[in-house]
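Undergrad: structure, please.
(one chain, ligands or ions: 1)
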Amino acid sequence: MSDTIVPPAPVAVIGLGNMGVPMGACLIKAGYAVTGFDLLEPARQKFVAAGGRVANDIAAAVATAEVVIMLLPNGKIVREAVSAMRAHLRRSTILMDMSSSDPIGTRSLGEELIAAGTAFIDAPVSGGVRRAVTGTLAIMVGGDGGTIDRVQPLLDAMGSSIFRTGALGSGHAMKALNNYVSAAGLAAAAEAVLIGQRFGLDPAAMVDILNVSTSRNDATENKFKQFILSKRYAAGFTLALMAKDLRTALETAEATANCAYAVRSGFDTTSQRVSRRGIGPPRASRRAFKYWISGLSMGGLQNSSDSACSSESGKLNRFLKPRMSALSNFFCECVVILP
Ligand code: NAD
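TA: So this is what the prediction gives:
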């Protein structure tokens, strides 16, 4: 199409966190004139270090942009950012929410924007920081096909698997459901490794076996050895974001009258862990994740030299049991449903 947005078109990236910085860097590499903005100065500095240009306020960041990309913590913050930038947008600017926002909120925000003449699509991503750096994310895009055509070259610069999922909000629904399955894989693998370790199996050997067997998943391949068994806990995806994604999947399930036993179980326990430890700063979330996952996967909390961690072991055992029974309920339900 003649109005396809190609380099060196001006683009704004709002939210320069774990994903915004590498995705913005991919756009710079492709030749776009990218201006970044984040509320936090250290985040802005990270983008500068990655070769980006930053603005000191959102108005300046979006003033010339043909596309505004948002990589913000949730849909509520996206709505606030959109309110702050609206008066400063060009008439033809396309807003693209690449955050993992809730699909129902996306629909209502989009209806307001589109009625006022502003193009808006949802394009959440999957693949984590690792694939954001290499520009090989999976991107699921919802909204008007003509608008998506215009931003296709930007999507190609950030991702290698681009899917058009349908109407506005469908990308966000797909993303939430993906992350539910991903969290379930992590939780199930963590439980299995914990049980195996208590039975006398070696956790690292277990991960090797899982990875060439039928239960292989993203957590077993890309998280266990790298971030859990190594105790680095720095995969770049905070527990607060995982809890938010599970909440979104649960709300989507409820909106479609589905029962979703496993997602409720995962959300209840994840959000409890988050509320006990605080979901605010990434450090706090990483710490909460460390306790949550180390309790599940390492089993040896009683032997830990970290006294705060040791004091968690009783509580971890208490929440493990109901979770497992909720998961078995879920599997029983599947067996009943299957012919
Ligand atoms: P992050 O917490 O690292 O970054 C979010 C950034 O947004 C922060 O730097 C924060 O200061 C900034 N911010 C918050 N409110 C703002 C506002 N009003 N204006 C400008 N900046 C603001 O989060 P992340 O890991 O980069 O994730 C971003 C989004 O992408 C989330 O919705 C997340 O669920 C999703 N996501 C993350 C990953 C991952 O692996 N980290 C993978 C896929 C999708």
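Undergrad: phi and psi next, for the residue in the chain positioned nearest to the ligand.
TA: Nearest to the ligand, among the residues of the chain, is Gly17, at 1.7 Å (CB to the nearest ligand atom). For the C-beta atoms, the positions are set from N, CA and C on the backbone; glycine is no exception. For Gly17, the backbone dihedrals are phi -100, psi -150 (criterion: degrees, to the nearest 10).
Undergrad: what domains does the record give for this structure?
TA: 10-166, 173-337 (automatic domain parsing).
Undergrad: which residue ranges of the stretch 1-150 of the chain form helices?
TA: 20-30, 41-49, 58-62, 75-85, 103-115, 128-134, 145-158 (DSSP state H, counting those that start in this stretch).
Undergrad: quick check: chain neighbours aside, which residue is closest to His172?
TA: In space, and not counting its chain neighbours, His172 is closest to Pro103: 4.0 Å by CB to CB, 6 or more residues apart in numbering.
Undergrad: was I right about the one you found contacting Thr256?
TA: No. Between Pro103 and Thr256 there is no contact, the gap being 10.5 Å when judged by CB atoms under 8 Å.
Undergrad: among these two, which residue is more densely surrounded?
TA: Between Pro103 and Thr256, counting by other CB atoms under 10 Å, Pro103 is the more crowded of the two (26 against 9).
Undergrad: give the contact list for that one.
TA: Contacts for Pro103 (CB atoms under 8 Å, 6 or more residues apart in numbering) come out as Asp122, Gly142, Gly169, Ser170, Gly171, His172, Ala173, Ala176, Thr248, Thr252.
Undergrad: wait, doesn't the fourth one sit right on Ile148?
TA: No. Proximity of Ser170 to Ile148 does not meet the contact threshold set by CB under 8 Å, at 11.7 Å.
Undergrad: just checking, which helix or strand of this protein averages the lowest pLDDT?
TA: helix 307-310 (a mean of 36; mean pLDDT, DSSP states H and E).
Undergrad: and the longest helix seen in the chain with the ligand, contact?
TA: Ranked by number of residues, the top helix in the chain under DSSP state H is helix 170-199. No. Helix 170-199 is not in contact with the ligand by CB under 6 Å from any ligand atom; minimum separation 7.3 Å.
Undergrad: pLDDT weak spots in the chain?
TA: Low-confidence regions of the chain, defined by pLDDT under 70, span residues 1-2, 257-339.
Undergrad: so what secondary structure elements neighbour the longest strand along it?
TA: Secondary structure assigned by DSSP state E gives strand 159-166 as the longest strand of the chain. Contacts defined by 3 or more CB pairs under 8 Å, 6 or more residues apart in numbering; DSSP states H and E place strand 159-166 against strand 137-142, helix 145-158, helix 170-199.
Undergrad: between helix 20-30 and that strand, find me the angle.
TA: 110 degrees (axes from the mean of the first three to the mean of the last three CA atoms, to 10 degrees).
Undergrad: partner strands of strand 159-166, with direction?
TA: Using DSSP bridges, the strands paired with strand 159-166 are strand 137-142 (parallel).
Undergrad: which other residues reach the partner strand?
TA: With CB under 8 Å, 6+ apart as the test, strand 137-142 has contacts from 23, 98, 103, 106, 121-127, 131, 148, 155, 158-175, 178.
Undergrad: list only buried entries from these.
TA: 23, 98, 103, 106, 121-127, 131, 148, 155, 158-159, 162, 164-165, 168-175, 178 (16 or more other CB atoms under 10 Å).
Undergrad: okay, and Ala243 sits in which element?
TA: helix 239-255 (DSSP states H and E).
Undergrad: re earlier: distance to the ligand added to the helices of the stretch 1-150 of the chain, as JSON lines?
TA: Listed next are the helices of the stretch 1-150 of the chain as JSON lines, based on distance: least, CB to the nearest ligand atom, whole Å:
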{"stretch": "helix 20-30", "distance to the ligand": "5"}
{"stretch": "helix 41-49", "distance to the ligand": "4"}
{"stretch": "helix 58-62", "distance to the ligand": "6"}
{"stretch": "helix 75-85", "distance to the ligand": "4"}
{"stretch": "helix 103-115", "distance to the ligand": "12"}
{"stretch": "helix 128-134", "distance to the ligand": "4"}
{"stretch": "helix 145-158", "distance to the ligand": "12"}
